[in-house]
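>>> I need the structure of the sequence given here:
(one chain, ligands or ions: 1)
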Amino acid sequence: MRNDFPVTSGTGLRCKGWRQEGLLRLLENVLAVGEDPDNLVVYAALGRAARDWPSHRRIVDTLRTMQDDETLIVQSGKPIGIVKTHARAPVVIMANCNMVGQWAKAENFYEWERQNLICWGGLTAGDWQYIGSQGVIQGTYEIFCRIAERHFGGSLSGRFILTAGLGGMGGAQPLAGRMAEAAILCIEVDPDRIKKRLDVGYLDSTAETLDQALDMIRAAQAEKRSLSVGLPGNAADLYPEILDRGIIPDIVTDQTSAHDLVYGYIPSGISPEEARGLRETDPDRLIREGRASIVRHVRAMLGFQRGGAVVFDNGNLIRTQASEGGVADAFDIPIFTEAFLRPLFCRAVGPFRWIALTNEAEDIRRIDDYVLDRFADNWIVTNWIRLAREHVPFEGLPARIAWLGHGERTELGLAVNRMVRDGTLTGPIAFTRDHLDAGAMAHPNIMTENMRDGSDAIADWPLLNAMVNCSSMADLVAVHSGGGGYSGYMTSAGVTLIADGTAAAEERLRLTLTNDTSTGILRYADAGYDDARDEAERQSVRHFDLG
Ligand code: NAD
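Now for the predicted structure:
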């Protein structure tokens, strides 16, 4: 974390109340833990916390001065005004990067971004919910555990995972792999990113050559020792080279920024430094050569799959880019959501997180204790919390993520609000969840691929989710669509709540947390999933079954 982007500690208020103060602290936090805060970039190459610095300053000033009965409106990272609402209305509502269907293309996005008309908020960057790599560590760990259960008798001990990309999100992979007890090799083209992950303790070791890296992995496999190795290099060169040597890892994926050929993926033969220059001088070359590299990269992934590896797309559009480059069978590689997580989403179990707004790590430990006790029979949650305590260092404001479902989130939210009120915790706690949550995302190449009823690309669901959360009095509600290479590929919704111990917060938490997951169960029940219909029945979520 950098000193020039600090987080705020303690219980002193700079705003009218904790709802505004909490959101301000979350905005500070996404920059504190972000990848390139000087440019307001939080992660994924272009995901910004605000449109530009004047917008950022105005957002900060507004949060500091606005009244309880006012709502700030943010359009693609730019605060455009305040409307008079009422004390139960959201403090902030946002629409980030939503383009009209036929116009929702990367080239329009870049042009409108250049004209400063739009910016991409990623999923949790633009709405100030990102907590550093922990969020994605848990998601990646969850995927590895599901693969272990399905393919490897429940354990990845002695197994070899090959992946690439150690950026804002991808940087979680080595730690998640190690927590899942595997030996994981992470290829990264930018040595600075490798160093950063070593410095924060997410990566164990580095190798200088492929031979050295493979030796380290083999030794760890033989001893059934978990290990993560970072190797500098381009995945488009090294994946084919590993395949050519006849080495088939047990699991292969990738988390380079393949979704964006201008600002993300680095083509073979071009250094990250050169790519930065080419973004201005010759972006077409980056697109052309990036796609050609991705074709090789994905062909190697398909080769690993044919050789028996469990290969999956981890949500970076790499198959889509390869298929546009002519790889007809790119979609033989499954997407992680459909392959491993859909049964959880049917029950609205998904990534839920809480953040200690006073910057007090002990508050998170107290909540960990509560979760371990209250959800003692939920192995997914308790196992994760124990591992996270041991392995995941806090970045920025102390925070925790865990996959909780309908009812569980409400129960935790209300319990934490009581703990704030009775002084068990030093101050308020913010609750958010990922956009990659049951009711909150339409993304036909990631979240909603191959939905049972064919509703993959219907974006009504996240819009309904956002409206339900506004009606339920959440503190911040955001509707995002994809930017850069994700333009036209997705729409999602985000929500934040500040548990400040008050009775008003209790009401907001009860309604929003319950209704947010209800929309997830309803979405999957409507798509015909029996698990979701069972969950609706079991949890008294009122689903109208009209077929
Ligand atoms: P990032 O831009 O912070 O990092 C990407 C990393 O990939 C960089 O370190 C870059 O140097 C490296 N890289 C680029 N091209 C490479 C190449 N050819 N070979 C080796 N390394 C290369 O992005 P991020 O936040 O880490 O996200 C990575 C991708 O994952 C993005 O596409 C993001 O949208 C996606 N993502 C998906 C999910 C999900 O749905 N599971 C969650 C988070 C992020």
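>>> what's the local residue count around the residue lying closest to E411 once chain neighbours are set aside?
Spatial nearest neighbour of E411, chain neighbours left out: R374 (7.3 Å); criterion: CB to CB, 6 or more residues apart in numbering. (Glycine included, C-beta is placed from N, CA and C.) By other CB atoms under 10 Å, 15 other residues sit near R374.
>>> is it correct that R374 is in contact with V416?
No. Assessed by CB atoms under 8 Å, R374 is found out of contact with V416, at 11.0 Å.
>>> how's the protein carved up into domains?
Domain assignment for the chain, taken from automatic domain parsing, gives 134-334, 350-538.
>>> what are the ranges of the helices in the stretch 251-400 of the chain?
In the stretch 251-400 of the chain, the helices defined using DSSP state H, counting those that start in this stretch lie at 272-281, 283-306, 318-324, 336, 342-346, 361-374, 379-391.
>>> mind checking which of the domains of the chain is nearest the ligand?
The ligand lies closest, by CB to the nearest ligand atom, to one member of the domains of the chain: domain 134-334, at 1.6 Å.
>>> tell me the mean pLDDT for the closest one?
For domain 134-334, the mean per-residue pLDDT is 96.
>>> now swap in stretch 526-546 and tell me
Throughout stretch 526-546, pLDDT has a mean value of 96.
>>> near the ligand, which residues of the stretch 401-547 of the chain? Just list them.
436, 446 (CB under 6 Å from any ligand atom).
>>> which residues of the stretch 401-547 of the chain score low on pLDDT?
Nowhere does the stretch 401-547 of the chain drop to pLDDT under 70.
>>> what segments of it are strands?
429-433, 441-442, 476-481, 491-499 (DSSP state E, counting those that start in this stretch).
>>> report whether L123 is found in a strand, as I expect.
No. Counting by DSSP: H, G, I helix; E, B strand; the rest coil, L123 is not part of a strand but coil.
>>> would you mind naming what in the protein lies close to the ligand?
Within the chain, the residues that sit near the ligand (CB under 6 Å from any ligand atom) are 35, 43-45, 136, 139, 164-170, 187-190, 193, 234-236, 255-259, 264-266, 272, 314-316, 436, 446.
>>> just to revisit the earlier point, using a markdown table, lay out the strands of the stretch 401-547 of the chain together with distance to H297.
Shown next, in a markdown table, are the strands of the stretch 401-547 of the chain (distance: least, CB to CB, whole Å):
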| stretch | distance to H297 |
| --- | --- |
| strand 429-433 | 31 |
| strand 441-442 | 25 |
| strand 476-481 | 26 |
| strand 491-499 | 26 |
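>>> name the stretch among those that sits most buried.
Highest mean neighbour count among the strands of the stretch 401-547 of the chain (mean count of other CB atoms under 10 Å): strand 491-499, with a mean of 29.
>>> by contact count, what packs against it?
With contacts taken as 3 or more CB pairs under 8 Å, 6 or more residues apart in numbering; DSSP states H and E, strand 491-499 sits against helix 18-32, helix 408-421, strand 429-433, strand 441-442, helix 460-471, strand 476-481, helix 503-526.
>>> re earlier: in CSV, list the helices of the stretch 251-400 of the chain along with distance to R25.
As requested, the helices of the stretch 251-400 of the chain are exported to CSV (distance: least, CB to CB, whole Å):
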stretch, distance to R25
helix 272-281, 32
helix 283-306, 37
helix 318-324, 35
helix 336, 32
helix 342-346, 30
helix 361-374, 13
helix 379-391, 21
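>>> among these, which is nearest I131?
Nearest to I131, of all the helices of the stretch 251-400 of the chain, is helix 361-374, at 10.7 Å by CB to CB.
>>> give me the contacts around the closest one.
Helix 361-374 is contacted from outside by 354, 356, 381-382, 385-386, 389, 394, 398-400, 402, 411-412, 415-416, 419, 424-427, 429, using CB atoms under 8 Å, 6 or more residues apart in numbering.
>>> between the domains of the chain, which one is closest to R19.
Of the domains of the chain, nearest to R19 by CB to CB is domain 350-538, at 5.0 Å.
>>> could you tell me the end-to-end distance of the closest one?
18 Å (CA to CA, to the nearest Å).
>>> got a list of what the residue nearest to G427 when sequence neighbours are not counted touches?
Excluding the flanking residues, the one nearest G427 by CB to CB, 6+ apart is T358, at 3.7 Å. By CB under 8 Å, 6+ apart, the contact set of T358 is 9-11, 426-428.
>>> tell me the one of these nearest M451?
Distance to M451, by CB to CB, is smallest for P428 among the contacts of T358, at 37.5 Å.
>>> so what's the closest residue to the closest one other than its chain neighbours up against?
Of all residues not flanking P428 in the chain, D500 sits nearest, at 4.2 Å (CB to CB, 6+ apart). By CB under 8 Å, 6+ apart, the residues touching D500 are 17-19, 22, 417, 420, 428.
>>> and if we set it to 10 Å?
Contacts for D500 (CB atoms under 10 Å, 6 or more residues apart in numbering) come out as 17-19, 21-22, 357, 417, 420-421, 427-430, 475, 506, 508.
>>> same question for I498.
17-23, 25-26, 91, 355, 357, 417, 420, 428-431, 474-476, 505, 508-509 are the contacts of I498 under CB under 10 Å, 6+ apart.
>>> one more time with 7 Å, if that's ok
Shown in contact with I498 (CB atoms under 7 Å, 6 or more residues apart in numbering): 18-19, 22, 428, 430, 475, 505.
>>> same thing with T514?
T514 neighbours (CB under 7 Å, 6+ apart): T410.
>>> A strand includes T71, no?
Yes. Checked against three-state DSSP, T71 lies within a strand.
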